[in-house]
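Asker: dropping the sequence and predicted coords here.
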Amino acid sequence: MSSQLSKSFSAPSQVVAEEERIRREYQRRSALALDSRYSFFNRGHLRIIQEVERCFLEGLSRNGFSNLRDTRILEIGCGNGFWLRELISWGARPGNLAGIDILEDRIHEARDLAPHDLELRCCSAAETGYSNNHFDLIIQSTVFTSILNAEVRRQIAWEMLRVLRSGGSVFWYDFRISNPRNSGVRGIGKAEIRDLFPGCPIKYRSLTVLPPLTRSLFNKLPSFYGPISRLKLLNTHYIAWIKKP
């Protein structure tokens with residue numbers, strides 16, 4: 001796998017440039033952290049998160065991770081460590097967990113909130129520094145659609161597979177469609193996910209009803225979400241389970 005994919009990798013300067021662009025974009029979005037629409041006290045936003053949690057847990061069980069005690073897990077783009085803390089509540093041991101992010105302030109926040117033995121690094125997902133086959137499970141949540149450089153996406157996907165053991169899994173949650181009002185993200189469909197992880201069996205599920213609609217309507221019409229989600233017409237994300245052969 002290494003020799004096949006490394007030939008088309010972007011130069012280090014391209015990775016640095018893309019990461020700098022992402023830092024600027026997240027600095028621009030920083031005000032959203034204080035936006036009540038993205039608060040757990042917003043019932044619509046909470047409904048979105050709870051749906052992902054349920055699907056994540058179901059996928060863990062189906063993919064042989066119903067007991068997380070000895071599972072080694074990496075999250076790329078871990079932000080403030082929300083999913084890592086959820087994994088601890090589901091039975092994972094902090095000493096088996098690691099999170100990386102290129103945003104230093106997010107890593108500082110994660111350290112404030114996480115147990116001291118959870119490993120957190122401010123580093124590039126294109127070059128994590130971990131050894132081959134180190135992790136059993138790798139998580140990425142809305143990371144790849146923030147990466148606009150196609151070669152950098154491929155390099156990060158290869159790095160994920162390099163540090164994932166054979167038979168291990170990647171949990172993917174990300175936009176399947178682009179947001180016409182946000183040029184800083186780009187939707188990724190099934191064909192591109194397959195290209196990013198060649199030779200890997202992948203199972204998909206679409207979910208998350210258009211977030212602005214959910215956040216604005218759920219308080220008034222809480223019963224609308226389930227039927228609309230099952231129709232899938234307005235679902236904006238894919239959950240995918242990607243298994244390394």
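Answerer: Done, it's in.
Asker: these two touch, right, residue 125 and residue 98?
Answerer: No - counting by C-beta atoms under 8 Å, residue 98 is not a contact partner of residue 125; they are 11.9 Å apart. No exception for glycine: its C-beta is placed from N, CA and C like everyone else's.
Asker: which strand or helix spans the closest residue to residue 149 other than its chain neighbours?
Answerer: Spatially, and ignoring its direct neighbours in sequence, residue 149 is nearest to residue 18 (4.4 Å; C-beta to C-beta, 6 or more residues apart in numbering). Element membership for residue 18 (DSSP states H and E) is helix 12-28.
Asker: tell me which helix or strand comes right after that helix.
Answerer: Next helix or strand after helix 12-28 toward the C-terminus (DSSP H and E): helix 43-62.
Asker: quick check: mean pLDDT of the helix or strand just after that next one?
Answerer: Next in sequence after helix 43-62, counting helices and strands by DSSP H and E, comes strand 73-76. Strand 73-76 carries an average pLDDT of 98.
Asker: what sits up against strand 73-76?
Answerer: The contact list for strand 73-76 (C-beta atoms under 8 Å, 6 or more residues apart in numbering) reads 81, 83-84, 87, 92, 96-101, 125, 128, 130, 134-141, 143, 156, 160, 163.
Asker: quick check, pLDDT for residue 182.
Answerer: Looking at residue 182, its pLDDT is 84.
Asker: which positions within stretch 203-215 qualify as buried?
Answerer: 206-211, 214-215 (16 or more other C-beta atoms under 10 Å).
Asker: dump the helix holding residue 18 to PDB, keeping only the CA atoms.
Answerer: Extracted in PDB, the C-alpha atoms of helix 12-28 (Å, rounded to 0.1, in the frame of the first residue of the first chain):
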ATOM      1  CA  PRO A  12       5.000  18.900   2.300                       C
ATOM      2  CA  SER A  13       4.600  22.500   1.300                       C
ATOM      3  CA  GLN A  14       1.100  21.800   0.000                       C
ATOM      4  CA  VAL A  15       0.100  20.100   3.300                       C
ATOM      5  CA  VAL A  16       1.400  23.100   5.300                       C
ATOM      6  CA  ALA A  17      -0.500  25.500   3.000                       C
ATOM      7  CA  GLU A  18      -3.700  23.600   3.300                       C
ATOM      8  CA  GLU A  19      -3.400  23.400   7.100                       C
ATOM      9  CA  GLU A  20      -2.800  27.100   7.300                       C
ATOM     10  CA  ARG A  21      -5.900  27.700   5.200                       C
ATOM     11  CA  ILE A  22      -7.900  25.500   7.600                       C
ATOM     12  CA  ARG A  23      -6.600  27.400  10.600                       C
ATOM     13  CA  ARG A  24      -7.700  30.700   9.100                       C
ATOM     14  CA  GLU A  25     -11.100  29.200   8.300                       C
ATOM     15  CA  TYR A  26     -11.600  28.000  11.800                       C
ATOM     16  CA  GLN A  27     -10.500  31.300  13.200                       C
ATOM     17  CA  ARG A  28     -13.200  32.900  11.000                       C
END
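Asker: spatially central residue for this structure, please.
Answerer: Nearest to the geometric centre of the chain sits residue 141, at 1.5 Å (C-alpha atoms, centre = their mean).
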